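Enquirer: Here is the input, now give the coordinates:
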Amino acid sequence: MGEEDANGKAANGAAAEEKAEKKESGHTDHRDEFEASTGLTTAEAEALLLEWGRNELEEKKVPKWLVYLKHLWGPMPIMIWLAIIIEFAIQNWIDAGILLGIQFANATLGWYETTKAADAVAALKKALKPLATCKRDGKWQTMDATTLVPGDLVLLGAGAAVPADCIVNEGRIEVDQAALTGESLPVTMYKGDTPKMGSTITRGEVEGTVEFTGKNTFFGKTAQMLQGDGGLGNLQKILLKIMFVLVVLSLTLCFIALMYLIFSKNESFKEALSFTIVLLVASIPIAIEIVCTTTLALGSRQLSAYGAIVTRLQSIEEMAGMNMLCSDKTGTLTLNKMEIQDYCPTFRDGETLQTVLVASALAAKWKEPPKDALDTMCLGAVDLDGLDVYTMLDHSPFDPTIKRTESQIQAPDGTVFKVTKGAPQVIAKLCGADDQPEMKMRVEAEVANLGSRGIRSLAVARTYDEAQEKFELLGMLTFLDPPRPDTKHTVEQALEYGVDVKMITGDQVLIAKEMSRILGLGLSIPDASGLPKLDEDGKIPKDLHKYTRMIVEADGFAQVYPEHKYLIVECLRQAGFAVGMTGDGVNDAPALKKADVGIAVAGATDAARAAADIVLTDPGLGVIIHAIIIARQIFQCVKNFINYRIAATLQLLTFFFISVFAFDPHDFCQSAVDNGYEYACGTDSEEWPDFFQLPVLMLMLITLLNDGTLISIGYDRVKASPRPEKWNLRVLFLVSTVLGIVSMGSSLLLVALVLDSPNPGSLFQKMGLPVPPYGKLVTMIHLKVSLSDFLTLFAARTESFFFTMRPGKLLMAACCVALSLSTVLACIWPEGELDHVPVEGLALEGGDNYTLWPLWIWIFCIVWWWIQDLLKVGTYWVVLKLDIFQARTGALVNLRDAFSTKDSPIAEEVTGVVETKLLDKKVAAVEEQVTKIAKQERGAVPPSLARISKTTALARTSMTGANLGRTSATQITQQVQEIEDALAQPLGGKISAQERQELERRAEEMRLALAKLQRVSAVRGDQP
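Expert: Next comes the predicted model:
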């Protein structure tokens, strides 16, 4: 029994040690019993492939023909189809053909732009086709990893990606699972452990049995959370709202006009219906979606120049409004590569970071490829050619039981010594720490201090005695996965553009906090214990709103799983944020899909790329700032177009609606005959028009020329907003209404003046102008409406006077061509009838023997254009001055759909947070420069510098951590003013002009940041 007990205790001890080791590595998924594969035959694999499917992420691909059909179905296409059917029914073949051409032209352009982005991503995925080494029919072969099946025998070697969920048959490997868990360091796996699809082998080589493939892998199951988010984008919702208002208005007015023409004017149903249908199609924004899509597509092409592929065009508009950026840490904010840090505590006189690095490199086989992540890190930090003067006599690779490597080296002078590197406590013990309390305490203190900041360490020691038995501790190398070179600057730029940043990682809390400290993101980084979880059925919990305040107040989260990232993003979206999410791993894919803008960084997994709206092909996050700027420029273009389109619709619709009621061509014709101008209408009253209208062809030409030209709106010159964009539709409709009323009013005035021209004492007669024929009146209005439409565009594209922002060259060229075409057509239009309406070219002599009408129409339009622009500027001034519809303050509330602090429970709390964080960074920059100057002073620090340093520290305390939400702008302003007062005093000491200039530059940035905070604080009600 005693022997059995001893054996049992030994077994239990071994099991406990193995369990502890696995717990330390973070890997817990283990198969105690499994049948190791010896390989499959081709026939067996084909049968299993039919049963289990291909080993790839399932994607729901929409056929291109179906994409095309979808562009023929929607609110606007349906309206056009109804109009086409009615035109065919009343046998207006030409009108029906024109509408049919417009319908298919819109669908073709939309289909082209939509499929082009999808093709780019498909090409990228094809170029990154995964491969696997598999044993089939008794032979090892490299094959397409998508054809693997459960039961296959695969080779898992260093540098290779794990092609499916596998089980290690025998041996030991190290696996990088950063893409799955966010953990930076590799995990050691043994027999029965299960490396997952999407991870990478970093060291060792084993045979593995494929356990799961495709949708059944961890990789594939994660994709289940990617489904069910195919709702309308924000821009689509906005366009639907706008189109609904315009269509309802158009239908209402057209129906009233139809009834009036039938019952009051006694027009035939066919003629009245034909006119109202064409007016309806001409007035509603037929091409609003296609122009917006084309403009967004232009933005995607601009982004591609910066190494970003847009897979969903609507995401560009959503990025313009993005006010919260959640980012994965490993591989996104960081390099996903361990690097040596400058801090290196030494334990022997004369040792430096460089000498310790050389010793660490000697403890590895420097002439061979690195065997693991630590060797890669150490060998990458030294000059390997300089090590050739040493000779390696013996080498012991890393042994997990003793947790160190060891080499026997011969120096250039013939001296032989041993060098070792490994865990600090292990190396310290090897160096006799048990007998040297001081060294032991110092090592433990260093490890504890570094550990509290999430920094890992590696100790290096060597022998100096002839027996090579007594090791002496040289120093401790510190290392971590460093941020990308552009990350800190990108975070600061994001804040400058009004975008808050949160770090969400699966890594340890201490590591996350250290990285957050380095990047200046804040230290409020809790773990996932307080975060919500999905319901048992995989649905979003109904009480998710309870976690809003906690999630909003945190600077980030650590030790999270994919479902946590997913729910954090959803919680922020429900709170009203427009959320962007960056990531690269399988664990990021659900959150990327759920976010308003999902961004897969360079080197991302298939799962991340499939879930993302934007795929980056170049390393670094700097492109995100370019994307924000470009997105906001595109947003401005789209908003300017919609502003114009609403105005143009209102002008056309209300003009013809009022004209039907207000003007009777019979009065004009009778007056012309009575006053001796028979050429104006003729003498046969039966041929005189019953109401004022334009022929269908003229209306369609206006629509086609305008919408065709406006496809170039994306090339306009616009200025990106410094804050996240949001749609204030009330202000948009108000300004559009002012623009439309002026255009409509001037058109009505022109008709009234022309109809009054035969009467004695009319304005035309006072100016010496002849009475134009009715056909020229029709052509005049065609030219007037065309010119007013284009000139309205130039007024609609700016809040100030139109000449304050020069238009883009392509837009200007397109408008010039369209204006020229409209003018030329109006000049040379042959005399005759269209749809029973007389038409006549303005430059033809005709009955009035006058050819200068085009010039007068141009002068008339330009005069009213200036009046229109002046009224627009006045409208904006009043709206902004009085803050009507929150036009001024609404943009300062950092929630997408909130325009005041009362519109959301957290609106007041989040307003000003981004500006405060930005000011904190600018104050920190001043503090950094003051500290740098102070260090260069040989004597005591000048009192003025000490005062500035103390004041900046106090100000930063007010703006960070728990004080962030409680400190008012008044307090912060007072503290910054104290810094200003101190900077205004002579600094003393020997400060160079260059140092003083740099300090002034940083102080100016601090002032600008404070000004931003003060503007936002006006909304929150705590400004000084």
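Enquirer: from here on, contacts and neighbour counts on C-alpha atoms
Expert: OK.
Enquirer: Whichever strand or helix holds L458 - contacts with which helices or strands?
Expert: L458 is part of strand 456-463, with elements assigned from DSSP states H and E. Identification of packing neighbours for strand 456-463 by 3 or more C-alpha pairs under 8 Å, 6 or more residues apart in numbering; DSSP states H and E yields helix 353-362, strand 416-422, helix 424-430, helix 437-452, strand 471-480.
Enquirer: S37 versus T213, what's the distance?
Expert: Applying C-alpha to C-alpha, to the nearest Å, the value for T213 to S37 is 15 Å.
Enquirer: The two: which has the busier surroundings?
Expert: Taking other C-alpha atoms under 10 Å, T213 and S37 do not tie; T213 has more neighbours (29 against 19).
Enquirer: which residues touch the spatially closest residue to C815 that is not a sequence neighbour?
Expert: Spatially, and ignoring its direct neighbours in sequence, C815 is nearest to T709 (6.3 Å; C-alpha to C-alpha, 6 or more residues apart in numbering). Residues in contact with T709, defined by C-alpha atoms under 8 Å, 6 or more residues apart in numbering, are 811, 814-815, 818.
Enquirer: Name the nearest of those residues relative to V930.
Expert: Taking C-alpha to C-alpha as the measure, V930 lies nearest L811 of the contacts of T709, at 49.6 Å.
Enquirer: so the closest one, which of the three states?
Expert: helix (DSSP: H, G, I helix; E, B strand; the rest coil).
Enquirer: And for the closest residue to it other than its chain neighbours, the neighbour number?
Expert: The shortest distance from L811 to any non-neighbouring residue, by C-alpha to C-alpha, 6+ apart, is to S712 (5.3 Å). Residues lying near S712 (other C-alpha under 10 Å) number 22.
Enquirer: just V893 next, same as before
Expert: For V893, using other C-alpha under 10 Å, the count is 25.
Enquirer: From I711, how far off is V601?
Expert: Distance from V601 to I711, by C-alpha to C-alpha: 31 Å.
Enquirer: Name all residues that make contact with the spatially most central residue of the chain.
Expert: Taking C-alpha atoms, centre = their mean, the centroid of the chain lies closest to M319, which sits 4.0 Å from it. Residues near M319 by C-alpha under 8 Å, 6+ apart: 578, 580, 596-597, 627-628, 631-632.
Enquirer: Which elements pack onto the longest helix along the chain?
Expert: Taking DSSP state H as the criterion, the chain has its longest helix at helix 622-662. Secondary-structure packing of helix 622-662 (3+ C-alpha pairs under 8 Å, 6+ apart): helix 234-263, helix 269-283, helix 288-304, helix 314-320, helix 487-496, helix 729-756, helix 774-796.
Enquirer: angle of that helix against helix 234-263?
Expert: Direction vectors for helix 622-662 and helix 234-263, defined by axes from the mean of the first three to the mean of the last three C-alpha atoms, to 10 degrees, enclose an angle of 10 degrees.
Enquirer: mind checking the SS state of P838?
Expert: Relying on three-state DSSP, one would call P838 strand.
Enquirer: separation between it and F275?
Expert: 15 Å.
Enquirer: P724 now?
Expert: Taking C-alpha to C-alpha, one finds P724 at 44 Å from F275.
Enquirer: Which one's more surrounded, those two?
Expert: Counted by other C-alpha under 10 Å, P724 and F275 do not tie: P724 has more neighbours, with 25 against 20.
Enquirer: Wait, that one touches M324, no?
Expert: No - using C-alpha atoms under 8 Å, P724 makes no contact with M324, being 9.6 Å away.
Enquirer: Quick check: neighbours shared by these two?
Expert: With C-alpha under 8 Å, 6+ apart as the test, P724 and M324 both reach V499.
Enquirer: And for T38, nearest residue in space, chain neighbours not counted?
Expert: Here the residue nearest T38, using C-alpha to C-alpha, 6+ apart, is L153, at 6.1 Å.
Enquirer: wait, what's in contact with the one you found?
Expert: 37-40, 134-136, 207-210.
Enquirer: Domain map for this protein?
Expert: 34-226, 309-335+484-617, 341-480, 646-885, 905-1020 (the TED database).
Enquirer: Residues touching stretch 597-617, excluding its own?
Expert: 57, 59, 125, 179, 198, 219, 223, 226, 307-312, 315, 318-319, 322, 332, 579-586, 588-593, 618-621, 623.
Enquirer: Sitting in helices, which of those residues do you find?
Expert: Filtering these for helices - DSSP H - leaves 125, 179, 219, 315, 318-319, 589-593, 623.
Enquirer: Please name the nearest non-neighbouring residue to A308.
Expert: A308's closest residue in space is L616 (C-alpha to C-alpha, 6+ apart), at 4.3 Å.
Enquirer: closest to K935 among the contacts of T709?
Expert: Closest to K935, out of all of the contacts of T709 and judged by C-alpha to C-alpha, is L811, at 55.9 Å.
Enquirer: Report how many residues lie close to that closest one.
Expert: L811 has 19 nearby residues by other C-alpha under 10 Å.
Enquirer: Identify the residues contacting it.
Expert: 709-710, 712-713, 715-716.
Enquirer: which one of these sits closest to A160?
Expert: Among the contacts of L811, and counting by C-alpha to C-alpha, the member closest to A160 is Y715, at 45.2 Å.
Enquirer: Minimum distance to M76: which of the helices and strands packed on strand 456-463 has it?
Expert: So among the helices and strands packed on strand 456-463, strand 471-480 is nearest, using C-alpha to C-alpha, at 55.7 Å.
Enquirer: What helices and strands are in contact with the closest one?
Expert: Packed next to strand 471-480, using 3+ C-alpha pairs under 8 Å, 6+ apart, are strand 339-340, helix 353-362, helix 424-430, strand 456-463.
Enquirer: again, only using 6 Å
Expert: strand 339-340, strand 456-463 (3 or more C-alpha pairs under 6 Å, 6 or more residues apart in numbering; DSSP states H and E).
Enquirer: would you turn these into JSON lines with mean pLDDT and distance to H30?
Expert: Shown next, in JSON lines, are the helices and strands packed on strand 471-480 (pLDDT from 0 to 100; distance: least, C-alpha to C-alpha, whole Å):
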{"stretch": "strand 339-340", "mean pLDDT": "87", "distance to H30": "31"}
{"stretch": "strand 456-463", "mean pLDDT": "93", "distance to H30": "27"}
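Enquirer: and of those strands, who's closest to V878?
Expert: strand 339-340 (57.5 Å).
Enquirer: and of the contacts of M319, the nearest to Y547?
Expert: A578 (17.4 Å).
Enquirer: Spell out the residue ranges of the strands in the stretch 801-950 of the chain.
Expert: Per DSSP state E, counting those that start in this stretch, the stretch 801-950 of the chain carries strands over the ranges 832-834, 837-839.
Enquirer: Any chance of CSV for the helices and strands packed on strand 456-463, columns distance to G846?
Expert: As requested, those are exported to CSV (distance: least, C-alpha to C-alpha, whole Å):
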stretch, distance to G846
helix 353-362, 95
strand 416-422, 101
helix 424-430, 102
helix 437-452, 93
strand 471-480, 86
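Enquirer: Would you tell me which of those gets closest to D328?
Expert: strand 471-480 (16.1 Å).
Enquirer: ok, and what's touching the closest one?
Expert: Strand 471-480 has contacts (C-alpha atoms under 6 Å, 6 or more residues apart in numbering) with 338-341, 344-348, 431, 455-463.
Enquirer: ok, back up a step: who wins for most neighbours among the contacts of T709?
Expert: That'd be C815 among the contacts of T709, by other C-alpha under 10 Å, with 24 neighbours.
Enquirer: Any quick PyMOL command for the buried ones out of the contacts of stretch 597-617?
Expert: Selection of buried members from the contacts of stretch 597-617 for PyMOL, criterion 16 or more other C-alpha atoms under 10 Å:
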select buried, resi 57+179+198+219+223+226+307+308+309+310+311+312+315+318+319+322+332+579+580+581+582+583+584+585+586+588+589+590+591+592+593+619+620+621+623
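Enquirer: doesn't G157 make contact with E207?
Expert: No - here E207 does not reach G157: they are 8.4 Å apart, not a contact under C-alpha atoms under 6 Å.
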